[in-house]
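In: Sequence first, predicted coordinates after that:
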Amino acid sequence: NIQHRYRFEQRFLEDDFKMRARYFLSLNIPINKKEMDKNTIYASAYNEIFINTEGNYFDRDRIYGGLGYCFSKSLKMELGVMSQIQQNSSRTQFQIMFFNSLPF
């Protein structure tokens, strides 16, 4: 299961206006089943890079890895670690995420 997205953001910061592009790529790999359905345990990874349109182009990079569980086709939970790298600093954090995708 591969997902990707592009974003182009207009940001209003204090008295300044900035724009940046973002690219997100994610991968979910089922471990105990062939499909991502009920009772599936899966590995999850993503990378999202942020690029400014002017000045210092590199803004940040987010790298994530974790394990997830599908309660149903529409409800999942993940536990993982995300590292966020910025030009002058970085930080790592533990994440617990729930996803609910309702059918339309």
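Out: Looks like it arrived, so ask away. Residues are numbered from 1 along each chain as shown.

In: what lines up beside whichever strand or helix holds Ile63 in the sheet?
Out: Under the criterion DSSP states H and E, the helix or strand holding Ile63 is strand 58-70. The pairing partners recorded for strand 58-70 under DSSP bridges are strand 41-52 (antiparallel), strand 75-86 (antiparallel).

In: I'd like the ones you listed as a markdown table, with distance to Asn1, mean neighbour count and mean pLDDT appended.
Out: For every residue, glycine as well, the C-beta is placed using N, CA and C. Below are those laid out as a markdown table (distance: least, C-beta to C-beta, whole Å; neighbours: other C-beta atoms under 10 Å; pLDDT from 0 to 100):
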| stretch | distance to Asn1 | mean neighbour count | mean pLDDT |
| --- | --- | --- | --- |
| strand 41-52 | 8 | 16 | 96 |
| strand 75-86 | 11 | 15 | 95 |
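
In: Columns distance to Ile96 on top of these, output as a markdown table?
Out: Supplementary listing: those in a markdown table, determined by distance: least, C-beta to C-beta, whole Å:
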| stretch | distance to Ile96 |
| --- | --- |
| strand 41-52 | 12 |
| strand 75-86 | 6 |
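
In: how about these, which one is nearest Ile29?
Out: Of all the strands paired with strand 58-70, the one in closest proximity to Ile29, counting by C-beta to C-beta, is strand 41-52 (4.7 Å).

In: Contacts for that closest one, please.
Out: Residues from elsewhere that reach strand 41-52, judged by C-beta atoms under 8 Å, 6 or more residues apart in numbering: 18-32, 36, 57-70, 78, 80.
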